[in-house]
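Colleague: what's the 3D shape of this:
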Amino acid sequence: MASRKTLKGVVVSDKMIGSVTVKVTRLFSHPLYKKRVRRDKKYICDNPVGAKLNDEVLIEESRPLSKRKHWRVIKVIKK
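Modeller: Numbers count the residues shown, from 1 in each chain. This is a model prediction of the structure:
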């Protein structure tokens, strides 16, 4: 069995009951122009650890928990 993917991001919304929205930023080099490009993506995550707004968290891939929720917060890195 393959290991689960983990990502680091920041909680941008905690208004849902039992869930948070986490924004993950990645940097990559543009294939043609070689400039560093920043891209953001938001993930809806299950929140068993009680992360709050603006917390830096570690999220882990999980089984589908609902229609849009496939990730789980596993650790709060920085409050």
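
Colleague: And S3, how far from N47?
Modeller: Distance, S3 to N47, using CB to CB, to the nearest Å: 22 Å. Where C-beta positions appear, they are placed from N, C-alpha and C, glycine not excepted.

Colleague: got a list of what the most centrally placed residue in the chain touches?
Modeller: Of all residues in the chain, the one closest to the mean position by CA atoms, centre = their mean is V22, 4.2 Å from it. By CB atoms under 8 Å, 6 or more residues apart in numbering, V22 lies in contact with L7, G9, V10, V11, V12, K42, Y43, C45, V57, I59, W71, V73.

Colleague: What does the pLDDT read for it?
Modeller: On pLDDT, V22 comes in at 98.

Colleague: cool, T6 as well?
Modeller: 97.

Colleague: Which of the residues in stretch 18-37 are classified as buried?
Modeller: By neighbour count on 16 or more other CB atoms under 10 Å, the buried set for stretch 18-37 is S19, V20, T21, V22, V24.
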